[in-house]
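Okay, here's the prediction I keep looking at, along with the sequence it came from:
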Amino acid sequence: MRLLILGGTEFVGRAVSEEALARGWEVTVFHRGRHQPPPGVTALHGDRGRPDGLAALTTGEWDAVVDTWSAAPRAVRDATRLLADRVGHYAYISSGSVYSYPSAAGHAEDHPVVDGSPDDGEVDYARSKRGGELAALEAFGDRALLARAGLILGPWENIGRLPWWLLRMARGGPVLAPGPRELALQYIDARDLARWVLDAAERRLGGAYNLISPQGHTTMGELLSECVRVTGGRAEPRWAEPEAITAAGIEPWTQLPIWTPPGELYDTLHAGDVSKALAEGLRCRPVAETVADTWSWLRSLGGVAPQRPDRPKVGLDPEVEAAFLRG
């Protein structure tokens with residue numbers, strides 16, 4: 001397979017690159033040159049935000065494209081129009097954020113979506129992803145795959161959610177652990193996302209798919225226990241009820257990454273229907289493997305997690321945590 005990745009050097013794009021190389025595919029990575037691509041790929045440079053940014057893609061043919069773009073939809077529009085006659089399949093890494101909020105528990109691919117346009121410039125994240133979907137569909141039709149990913153974790157994460165928990169547990173001492181322990185979580189390891197998307201590309205699978213683990217693939221308790229274990233066991237989780245946490249003004253998802261208390265946001269993020277993707281071969285590795293591999297990767301970077309400049313930093317201020325634990 002000849003694969004073109006629009007992105008390919010960070011997080012999901014990196015996972016796709018690594019998976020494709022492991023399969024022996026011919027991989028071309030198109031990026032801005034700010035990060036080193038994996039060894040073994042052909043690198044093309046360009047900036048999709050500039051009028052002449054796609055010049056490097058005016059020639060060439062590929063069996064499939066994977067596009068990780070999450071900003072202005074017109075960049076997806078321009079790329080899909082340029083490539084439509086020279087590419088067999090287009091996989092757009094979209095997001096569950098395209099669904100209208102709130103999304104009831106059990107929401108599937110037919111849940112209503114937000115408005116969007118392939119001609120949009122800079123808009124909010126949900127509309128950006130929906131506009132990108134529409135651009136892919138406009139140019140590729142049933143050759144377009146809309147991979148609606150949920151929470152993505154694993155090595156190369158540049159958002160900081162799982163890295164924050166790992167580094168916090170490595171610091172040790174009493175740790176605010178948001179309950180309940182048995183709270184079911186949904187997420188997908190970036191490597192499992194990559195594997196499924198490339199399998200789908202080989203089969204020319206089209207349409208929208210929710211890509212996230214089955215609900216209850218792990219729990220908050222299991223996730224944090226694995227974080228304690230792999231970082232040496234010095235942390236002491238102190239479990240607290242959701243009501244106490246929110247009453248203290250501590251924000252779910254941002255200050256306490258991954259976690260949300262039961263309610264609308266929880267149903268939207270951790271209660272999606274993935275039966276369609278499971279029927280097409282989605283398999284998710286155990287949480288212990290995701291946590292351990294992410295910790296090994298973080299240690300290889302000296303314990304400093306990369307951070308996307310267009311995303312806010314996550315995590316709880318140590319003084320806020322200490323004040324809460326003192327009661």
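Great, that's in hand.

neighbouring contacts of stretch 132-142?
Stretch 132-142 is touched from outside by 67, 69-70, 73-74, 76-77, 80-81, 83-84, 87, 89-90, 92, 94, 98, 116-118, 144, 146, 206-208, with contacts defined as C-beta atoms under 8 Å, 6 or more residues apart in numbering. C-beta coordinates here come from the backbone N, C-alpha and C atoms, glycine included.

filter those to the buried ones?
67, 69-70, 73-74, 76-77, 80, 83-84, 87, 89-90, 92, 94, 98, 116, 118, 144, 146, 206, 208 (16 or more other C-beta atoms under 10 Å).

What about these, which are in strands?
Among those, DSSP state E puts 67, 87, 89-90, 92, 94, 144, 146, 208 in strands.

Okay, and the beta partners of the residue nearest the centre of the chain?
Ranked by distance to the mean C-alpha position of the chain (C-alpha atoms, centre = their mean), the top residue is residue 152 at 3.4 Å. Using DSSP bridges, the beta-bridge partners of residue 152 come out as residue 188.

Would you mind measuring from it to residue 159?
8 Å (C-beta to C-beta, to the nearest Å).

what is in contact with the two at once?
Common neighbours of residue 152 and residue 159 (C-beta under 8 Å, 6+ apart) are residue 11.

the strands in the stretch 101-250 of the chain, which residues?
Applying DSSP state E, counting those that start in this stretch to the stretch 101-250 of the chain gives strands spanning 144-149, 152-153, 173-178, 184-185, 188-189, 207-211, 218-219, 235-240.

nearest to residue 308, of those strands?
With C-beta to C-beta, the closest approach to residue 308 among the strands of the stretch 101-250 of the chain belongs to strand 152-153: 12.3 Å.

Who are the packing partners of that closest one?
The contact analysis (3 or more C-beta pairs under 8 Å, 6 or more residues apart in numbering; DSSP states H and E) places strand 152-153 against strand 188-189, helix 190-202.

ok, of the ones in strands among the buried ones among the contacts of stretch 132-142, which one's closest to residue 188?
Of all these, residue 188 sits closest to residue 94, with 13.0 Å by C-beta to C-beta.
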